[in-house]
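A.B. asks: build me a structure from this.
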Amino acid sequence: MARIVSLDELEPLMTADRKAGRTIALANGVFDLLHVGHIRYLQGAAAEADRLVVAVNDDESVRMLKGEGRPVMNQADRAELVAALRGVDYVVLFSGRTVTDVLLRLRPDVHCKGTDYTVESVPERPVVQSYGGRTAIVGDPKDHSTRDLLSRMKQD
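C.D. replies: This is a model prediction of the structure:
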């Protein structure tokens with residue numbers, strides 16, 4: 001199981017990984033009601049580098065992004081589920097609407113986003129380019145969503 005750490009704890013771990021010659025990918029998301037699309041996204045992200053850090057939105061940022069009634073699962077549970085997935089090395093919670101602050105602190109070699117984006121449409125791309133990183137689009141087509149799952153559950 002991956003380690004769930006704070007940003008302050010993660011920085012020296014990343015430094016040690018870099019000194020050991022490992023590359024680092026960062027993926028981020030809400031991961032509220034984990035589904036197969038999340039798994040495929042994170043497996044694709046893990047294939048981009050030697051280490052995978054997953055930044056999970058904290059509860060407050062999920063409420064800002066998704067609205068009333070979200071998250072369904074609290075941040076500790078969502079982080080633990082993500083940490084249990086194969087290929088994930090570290091999980092860190094973050095606040096705010098974007099993962100920009102995490103990217104600037106950790107400076108991963110690769111920032112991975114799902115197929116609902118193109119490389120050109122990723123909002124954080126200029127940030128990643130500013131320190132020499134790259135952006136990768138990973139995962140399967142965006143045919144899965146928590147919103148759809150919740151809608152189907154309400155119908156049953």
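
A.B. asks: contacts for the helix or strand of the chain with the lowest mean pLDDT next, please.
C.D. replies: In the chain, the helix or strand scored least confidently by mean pLDDT, DSSP states H and E is helix 146-155, which has a mean of 74. Outside helix 146-155, the residues within contact range by CB atoms under 8 Å, 6 or more residues apart in numbering are 30, 32-33, 35, 72. Every C-beta, even on glycine, is put in place using the N, C-alpha and C of the backbone.

A.B. asks: again, 6 Å this time
C.D. replies: For helix 146-155, contacts defined as CB atoms under 6 Å, 6 or more residues apart in numbering pick out 32-33.

A.B. asks: also stretch 78-95?
C.D. replies: In contact with stretch 78-95 (CB under 6 Å, 6+ apart) are residues 1-5, 7, 10, 31, 34, 42-43, 46, 51-56, 58, 61, 75, 102.

A.B. asks: where does pLDDT dip in the protein?
C.D. replies: For the chain, applying pLDDT under 70 flags the ranges 149, 156.

A.B. asks: which residues in it form helices?
C.D. replies: Using DSSP state H, the helices found in the chain span residues 7-19, 36-46, 59-66, 75-83, 100-106, 125-130, 146-155.

A.B. asks: which of the contacts of stretch 78-95 are buried? Put it as a ChimeraX command.
C.D. replies: This is the ChimeraX syntax for the buried subset of the contacts of stretch 78-95, where burial follows 16 or more other CB atoms under 10 Å:
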select :2,4,5,10,31,34,42,43,46,51,52,53,54,55,56,58,61,75,102
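
A.B. asks: wait, which of the helices of the chain is closest to Ala25?
C.D. replies: Closest of the helices of the chain to Ala25 is helix 36-46, at 5.2 Å (criterion: CB to CB).

A.B. asks: that closest one: how far from the chain's middle?
C.D. replies: In terms of CA atoms, centre = their mean, to the nearest Å, the centre of helix 36-46 is found 10 Å from the chain centre.

A.B. asks: pull out the buried positions in it.
C.D. replies: Those would be 37-46, for helix 36-46 by 16+ other CB under 10 Å.

A.B. asks: can you check stretch 109-124 too?
C.D. replies: Under 16+ other CB under 10 Å, the buried positions of stretch 109-124 are 109-115, 122, 124.

A.B. asks: and the furthest pair within those residues?
C.D. replies: Asp109 and Thr115, at 20.4 Å, using CB to CB across these.

A.B. asks: on that earlier part again, between the buried residues of helix 36-46, which is closest to Lys142?
C.D. replies: Distances from Lys142 to the buried residues of helix 36-46, taken by CB to CB, are shortest for Gly37, at 6.8 Å.
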